[in-house]
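**Student:** Sequence first, predicted model second:
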Amino acid sequence: MRIAVTYENGNVFQHFGHTEQFKLYDVENGKIAGTNIVNTNGSGHGALAGLISALNLRLPASKSFTALSTLPDTPP
């Protein structure tokens, strides 16, 4: 599974529609298998939805953002 989190300067970015980056987490067997940062080119809500679809991503519910912000940058 791949999870996308809005991202800026090493932290979760609080405004989905204005995020310039997503941090992608590839999860396998319940563990982080890898991460990647993808630029959005500063697109708005509609364009971001297209990017998410094109990258085959899942976005966590907002309550999950805090937990995901504490995940390590590299797999264990």
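**Tutor:** Great, that's in hand. Numbering: from 1, shown residues only.

**Student:** So for the one helix or strand G34 maps to, what gets flagged as buried?
**Tutor:** Applying DSSP states H and E as the criterion places G34 in strand 31-39. Buried residues in strand 31-39, counted by 16 or more other C-beta atoms under 10 Å: 32, 35. (Glycine included, C-beta is placed from N, CA and C.)

**Student:** Please apply the same query to stretch 1-18.
**Tutor:** So for stretch 1-18, counting by 16+ other C-beta under 10 Å, buried means 3-7, 12-13.

**Student:** which one of those is nearest D26?
**Tutor:** Minimum distance to D26 across those is 8.2 Å, recorded for I3 (C-beta to C-beta).

**Student:** Can you verify the closest one is assigned to a helix?
**Tutor:** No: applying DSSP: H, G, I helix; E, B strand; the rest coil, one finds I3 to be strand, outside a helix.

**Student:** want to throw the buried residues of stretch 1-18 into TSV with pLDDT?
**Tutor:** Below are those laid out as TSV (pLDDT from 0 to 100):
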residue	pLDDT
I3	82
A4	81
V5	84
T6	84
Y7	88
V12	89
F13	87
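
**Student:** Which one of the residues you listed is nearest to L24?
**Tutor:** Closest to L24, out of all of these and judged by C-beta to C-beta, is A4, at 5.5 Å.

**Student:** Thanks a lot, see you next time.
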